[in-house]
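Visitor: sequence first, then the predicted structure:
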Amino acid sequence: MNDMNTQKRDFFELLSAYLDGEVTSTEKRQVEERLNNDAETQKLYARLLALRQNFQTLPVPPASQNVEQTIQQVFGKIEKRRQYRSLKWAGAAVAAAVIAAVSSVVPGRQVLQMANVSNQAIRTEEKLLVALNTPLVELPESAFEVPKTEK
């Protein structure tokens with residue numbers, strides 16, 4: 001399998017060199033023979049030819065722009081990406097801190113425990129007694145006494 005991939009890669013390079021006019025007469029005959037007899041080679045040749053033509057129609061950057069300006073633009077874009085990436089990480093860190101702070105303030109476990117207690121009370125079907133006029137348990141009088149102030 002690896003040998004087959006190597007052969008395909010080698011022929012691809014040979015076909016590319018053929019398009020560029022950089023082959024010997026023997027290599028030229030070899031490529032033309034495969035082009036005449038192999039449909040897959042013809043498709044590959046057509047794709048490479050279209051790719052080559054598209055490269056030739058690409059716009060050329062203006063000659064007035066010097067290399068230093070181009071380098072500065074490239075490094076400027078790299079720096080903007082780095083800053084954007086840093087902002088994303090900082091935003092994620094702030095979000096994690098907010099979630100941690102909120103989860104530590106909200107008593108989620110206590111709420112669940114209270115819900116479990118109320119569910120248990122419902123399951124046992126205990127009756128609730130309400131005393132409107134007289135208390136069910138006798139209350140000591142000292143709890144209701146008003147402290148006397150000395151004059």
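Guide: Arrived safely, thanks for sending.
Visitor: show me which helix or strand of this structure is least confident by mean pLDDT.
Guide: None of the helices or strands of the chain scores lower by mean pLDDT, DSSP states H and E than helix 108-124, at a mean of 51.
Visitor: buried residues, stretch 37-44. List them.
Guide: If you call a residue buried by 16 or more other C-beta atoms under 10 Å, then stretch 37-44 has these buried ones: 41, 44. Yep, even glycine has a C-beta here, placed from its N, CA and C like the rest.
Visitor: outside of that stretch, which residues touch it?
Guide: Stretch 37-44 has contacts (C-beta atoms under 8 Å, 6 or more residues apart in numbering) with 11, 12, 15, 34, 35.
Visitor: quick one: buried ones out of these?
Guide: Here, 16+ other C-beta under 10 Å leaves 11, 15, 34 buried among the contacts of stretch 37-44.
Visitor: CA atoms of the host helix or strand of the first one as CSV?
Guide: Spelled out, it's residue 11. According to DSSP states H and E, residue 11 maps onto helix 2-20. Listed next in CSV are the C-alpha coordinates belonging to helix 2-20 (Å, rounded to 0.1, in the frame of the first residue of the first chain):
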residue,chain,number,x,y,z
ASN,A,2,2.8,2.4,0.9
ASP,A,3,4.6,1.6,-2.4
MET,A,4,1.4,2.5,-4.3
ASN,A,5,1.2,5.9,-2.6
THR,A,6,4.8,6.6,-3.4
GLN,A,7,4.2,5.7,-7.0
LYS,A,8,1.2,8.0,-7.2
ARG,A,9,3.1,10.9,-5.5
ASP,A,10,6.0,10.4,-7.9
PHE,A,11,3.7,10.5,-10.9
PHE,A,12,1.9,13.5,-9.6
GLU,A,13,5.2,15.3,-9.3
LEU,A,14,6.2,14.2,-12.8
LEU,A,15,2.9,15.4,-14.2
SER,A,16,3.4,18.7,-12.5
ALA,A,17,6.9,19.0,-13.9
TYR,A,18,5.4,18.2,-17.3
LEU,A,19,3.0,21.1,-17.0
ASP,A,20,5.9,23.4,-16.2
